[in-house]
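Novice: Generate coordinates for the sequence data below:
(one chain, ligands or ions: 1)
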Amino acid sequence: MDGNWKATEEMVRQFEELFVNRRAYTIQSMKPHPKSGRHYYYRPTRNQTGEPLALTTRTIRQHLEGDITIAVYAINPKTQRSKWLAIDADYRHSLEDLLRLQGELRRDGIQAALEKSRRGAHLWVFFATPVLAREARVYALNLADRLTLPVKGPGWPEGIEVFPRQDQLAEGEFGNAIRAPLGVHRGAGKRYWFYHADYELESQLRYLAGLERVSEAKLREITRGMSIPKQFAPMSKSERLRPSLYSGGDFRILDYVEVRRKAGRNYWTRCPSCAAAGHDTSGDNLAISIEEPMKYKCWAGCTKEMIRAALGRPIPIWRFA
Ligand SMILES: [Zn+2]
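Specialist: Numbering: from 1, shown residues only. This next block holds a predicted model:
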């Protein structure tokens, strides 16, 4: 059972200082999806106007007190910077990989906090001032390369996930959100704590606030001469269109898009294929059936093949030699 936690103003302030880099956020649904059983995240909006809600201190308090569960975005699009680097891993033996990463960070003189999660863990590094998302990624992906860790991405379904997930965001983009620490995971109905501090809010936040933060100068020094390792660089369009061995029948569109709103019997969001062409900026072309989320449709007429290709998970075309 999750205890009844009270979040003080100081805790809310510490949390905001550590994790909040922009006012957009997502919220984890309280009820599981009837079919998949998963608790999906959506961007909350004002009921009447559909205007997105901004993250406030009240939202943070509710998250810490366990009334709601939020996820936070890494990159602020105005600056293309992130306050933190988070590495998510939830595959078999992922904890071992994260511990190796933590050790490698330590060798560079960097403290990283390890947070449990439902199936694995998250590793967090905090910066003294927000750093360019690209530079944080260059560092994390070079560490992964050095340790030969798998990195999740198009055509590679299992591995670590690096947040920020993008080098930079275009106007109107949000990037990927990660479940904010210290709240209740709705799927598990419990909290996951950081190691190395007592399992209650005050100690946890004190521990996090006391971690040494990495300065931009230090990050630059460590990453001097580095670039994104070739195997992790974004694929060219022709590569993405090539059917991948990993595009099996287990494709779930909801693993790839972020639901913007629910209306009628559908979830609605930006169509990935439209987005790739710079269209659907209002983000409501793609309808995904709530009842049967394997059914989805772009109202601008993109085919399933186009949508899958845009997601880097093309529908396999089997060729026989
Ligand atoms: Zn479309």
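Novice: Now do the same contact list for residue 114.
Specialist: Applying C-beta atoms under 8 Å, 6 or more residues apart in numbering to residue 114 gives the contacts 98, 99, 102, 121, 122, 123, 124, 194, 195, 196. Glycine gets a C-beta too; all of them are placed from N, C-alpha and C.
Novice: Equivalent analysis for residue 302, please.
Specialist: 271, 273, 274, 285, 310.
Novice: ok, of the residues you listed, which one's closest to residue 71?
Specialist: residue 271 (22.0 Å; C-beta to C-beta).
Novice: Can you list the residue ranges for strands in the stretch 1-150 of the chain?
Specialist: 25-28, 41-42, 70-73, 75-76, 81-89, 113-116, 121-132 (DSSP state E, counting those that start in this stretch).
Novice: Measure how buried residue 8 is and give me the count.
Specialist: 13 (other C-beta atoms under 10 Å).
Novice: pLDDT weak spots in the stretch 201-321 of the chain?
Specialist: 234-249, 317-321 (pLDDT under 70).
Novice: hmm, try it at 50
Specialist: Residue ranges of the stretch 201-321 of the chain with pLDDT under 50: 237-248, 319-321.
Novice: my guess is residue 11 contacts residue 203, does it?
Specialist: No. Residue 11 is not in contact with residue 203 according to C-beta atoms under 8 Å; the separation is 10.7 Å.
Novice: Alongside the ion, which residues does the stretch 201-321 of the chain contribute?
Specialist: Proximity of the stretch 201-321 of the chain to the ion, by C-beta under 5 Å from the ion, involves residues 271, 273, 274, 285, 298, 300, 302.
Novice: Compare those residues and tell me which has the most neighbours.
Specialist: Among these, residue 271 has the most neighbours (other C-beta under 10 Å), with 27 neighbours.
Novice: gap between it and residue 42?
Specialist: 17 Å (C-beta to C-beta, to the nearest Å).
Novice: Which among the strands of the stretch 1-150 of the chain is found nearest to residue 49?
Specialist: Of all those, it is strand 41-42 that lies closest to residue 49, at 16.2 Å by C-beta to C-beta.
Novice: as a whole number, average confidence for that closest one?
Specialist: Taken as a whole, strand 41-42 has a mean pLDDT of 90.
Novice: tell me the contacts of residue 211?
Specialist: Applying C-beta under 8 Å, 6+ apart, the residues contacting residue 211 are 111, 113, 126.
Novice: Backbone dihedrals for it, both of them.
Specialist: Backbone torsions for residue 211, taken as degrees, to the nearest 10, come to phi -70, psi 150.
Novice: before we move on, the earlier item: out of the contacts of residue 302, what pair is the most spread apart?
Specialist: 285 and 310 (12.0 Å).
Novice: excluding its backbone neighbours, what's nearest residue 287?
Specialist: residue 266 (4.1 Å; C-beta to C-beta, 6 or more residues apart in numbering).
Novice: Residue 284 is in contact with the one you found, correct?
Specialist: No. The criterion here is C-beta under 8 Å, and residue 266 misses it with residue 284 at 10.0 Å.
Novice: neighbour count winner among the two?
Specialist: In this view residue 266 and residue 284 are compared by other C-beta under 10 Å, and residue 266 has more residues nearby, 19 against 16.
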